[in-house]
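K.L.:
Got a predicted structure plus its sequence, pasted below:
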Amino acid sequence: MTLRLASAGESHGPGLVAILTGLPAGLALDRDAIDADLRRRQEGYGRSPRQRIEQDRVEVLAGLRHGRTLGTPLALVVWNRDHDNWKWGMSPWPPEGEPAGKGTKPVTLPRPGHADLAGVLKYGHADVRDALERASARHTAVHVAAGSVAKALLATIAIAVSGATVDEPGLQARIDEARADRDTVGGIVEIRATGVPPGLGTYAAKEDRLDGRLAAAVMGIQAVKGVEIGDGFALAGLRGSQAHDEIGPDRRRSTNHAGGLEAGMSNGEEIVVRAAMKPLPTLMKPLASVDLVSGEPGEALVERSDVAAVEALAVVAEAAVAWELAVAARDKFGGDALGDFVAAYRSYVERIQW
Ligand SMILES: Cc1cc2nc3c(=O)[nH]c(=O)nc-3n(C[C@H](O)[C@H](O)[C@H](O)COP(=O)(O)O)c2cc1C
């Protein structure tokens, strides 16, 4: 049963939705654990005041009974509390009454670095908001909820995933300085997965390589401009004798330059994925742009925005890695009932004596 995720939701629309199919029946979910991940995503130094409006909590509309999955599509919702301020501007149906609140005036000055220009050209929108609302990273909230479900599944086969910012002395000072200059910053995060047995993913087909799937999942997160696995880019400057992880008599490695992935498969060592986040594109001191209606030069859209979201990215990327590992684990171990899935895992690790 292939694990799949579809999501919908605009930044200031009524809410964010995810439908997860392919989960086994009988998986216990903990609402507090999911909400704790949602809170982690909202925290972090440099976030905008929006995070004080939102207090993300997951709601489940289908697929769960008394805290256990039914093996049917699991429907998750995270409501946007800020939608109250955008009721007219982001009304799904033609709004009634006089324009009121936020989002009533069309945006015509695209921001460099955001979806704005290519988005309106591609979809034929007259208002940049029609592109930016979905491109915004707000909907990563419901992906974090889905990642939390993936982590619960992975925990049944002893896999744990965690993300953190790469230690940078002075990150807060760098954020404070950027804020004072009405500028933004990026940063680097690292995701680690432990307990992954060898053999998730495959070299048999390019699209099923686990390294490729992880890279695509992390690169697919807003503002990520670089992804590396293990020593990544640094490997290019090493010799083979320095770069590869020798195999000991117990089949384990004493180094992990490969970041737990060889030939598109997990190799039994810790999986290590790093992502580089660019500085966020919405600047309080805006860059040059063009008014798409008048054709006149102007300054790009300014709206409430994070100065930095690197700590949030660590949580979002953790969810993305957890999701892809869960997909690979479902592909390998299958099962309609959770017990079938776990039994297949146990039989496999017994066969390979891992
Ligand atoms: C957790 C998170 C929060 C973000 N918050 C903002 C923000 O407040 N302001 C902003 O301009 N961009 C923010 N971004 C980045 C934009 O969504 C992103 O740069 C934009 O959608 C264009 O996509 P690209 O950077 O992948 O090319 C955030 C990204 C993440 C992952």
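P.N.:
On my side now, so go ahead.
K.L.:
who touches the residue of the stretch 51-200 of the chain found nearest the ligand in this structure?
P.N.:
Nearest residue of the stretch 51-200 of the chain to the ligand (CB to the nearest ligand atom) works out as residue 137 at 3.3 Å. Backbone N, C-alpha and C define where each C-beta goes, glycine included. By CB atoms under 8 Å, 6 or more residues apart in numbering, the contact set of residue 137 is 221, 222, 223, 309, 312, 316.
K.L.:
which among these are in contact with the ligand?
P.N.:
Counting by CB under 6 Å from any ligand atom, 221, 222, 223, 309, 312, 316 from those sit close to the ligand.
K.L.:
What is the burial count for the closest residue to the first one other than its chain neighbours?
P.N.:
This points to residue 221. Distances taken as CB to CB, 6 or more residues apart in numbering place residue 316 nearest to residue 221, at 5.5 Å, with adjacent residues excluded. Residues lying near residue 316 (other CB atoms under 10 Å) number 29.
K.L.:
next helix or strand past the host helix or strand of residue 316?
P.N.:
Element membership for residue 316, per DSSP states H and E: helix 310-333. Tracing the chain past helix 310-333, the next element assigned as helix or strand by DSSP H and E is helix 338-351.
K.L.:
And the average pLDDT for that next one is what?
P.N.:
Mean pLDDT, computed over helix 338-351, is 98.
K.L.:
can you pull out the helices in the stretch 151-300 of the chain?
P.N.:
Assigned helices in the stretch 151-300 of the chain, in chain order: 171-180, 210-219, 240-243 (criterion: DSSP state H, counting those that start in this stretch).
K.L.:
Return the residues of the chain in contact with the ligand.
P.N.:
For the chain, the residues in contact with the ligand (CB under 6 Å from any ligand atom) are 48, 113-115, 135-137, 140, 221-223, 278, 280-282, 305-306, 309, 312-313, 316.
K.L.:
Of these, which count as buried by neighbour count?
P.N.:
For the residues of the chain next to the ligand, a neighbour count by 16 or more other CB atoms under 10 Å gives the buried set as 113-115, 135-137, 140, 221-223, 280-282, 305-306, 309, 312-313, 316.
K.L.:
thought residue 54 was touching residue 43?
P.N.:
No - the pair residue 54 / residue 43 is not scored as a contact, 11.6 Å apart, by CB atoms under 8 Å.
K.L.:
between the two, which one's more packed in?
P.N.:
Between residue 54 and residue 43, counting by other CB under 10 Å, residue 54 is the more crowded of the two (17 against 11).
K.L.:
How about that one, nearest residue that isn't a chain neighbour?
P.N.:
residue 81 (5.3 Å).
K.L.:
Is it correct that that neighbour is in contact with residue 53?
P.N.:
Yes - using CB under 8 Å, residue 81 is in contact with residue 53, at 5.4 Å.
K.L.:
For residue 125, give me its contacts.
P.N.:
Contacts for residue 125 (CB under 8 Å, 6+ apart) come out as 119, 131.
K.L.:
rewinding a little: what's near enough to touch the residue nearest to residue 221?
P.N.:
41, 137, 140, 143, 144, 147, 221.
K.L.:
same deal with residue 123?
P.N.:
If you count contacts by CB under 8 Å, 6+ apart, residue 123 has them with 130, 131.
K.L.:
Give me the pLDDT for it.
P.N.:
With respect to pLDDT, residue 123 has a value of 98.
K.L.:
How many residues are close by the nearest residue to residue 181 once chain neighbours are set aside?
P.N.:
Counting by CB to CB, 6+ apart, residue 285 is the residue found nearest to residue 181 once chain neighbours are left out, at 7.2 Å. A count of nearby residues for residue 285, using other CB under 10 Å, gives 10.
K.L.:
Over to residue 98?
P.N.:
Residues contacting residue 98 under the criterion other CB under 10 Å number 7.
K.L.:
Just confirm it is within a strand.
P.N.:
No - counting by DSSP: H, G, I helix; E, B strand; the rest coil, residue 98 is not part of a strand but coil.
K.L.:
Per-residue pLDDT of it, please?
P.N.:
According to the prediction, residue 98 has pLDDT 96.
K.L.:
Tell me the spacing between the residue of the stretch 51-200 of the chain closest to the ligand and residue 100.
P.N.:
Look at residue 137 and residue 100: by CB to CB, to the nearest Å, they are 27 Å apart.
K.L.:
ranges for the strands of the stretch 1-150 of the chain?
P.N.:
Along the stretch 1-150 of the chain, counting by DSSP state E, counting those that start in this stretch, strands occupy 4-8, 15-21, 59-62, 64-65, 68-69, 74-79.
K.L.:
Select, out of those strands, the one closest to residue 156.
P.N.:
Nearest of these to residue 156, taken as CB to CB: strand 68-69 at 11.5 Å.
K.L.:
Residue 45 against residue 175, yeah?
P.N.:
Yes - with contact defined as CB under 8 Å, residue 45 and residue 175 form a contacting pair (5.5 Å).
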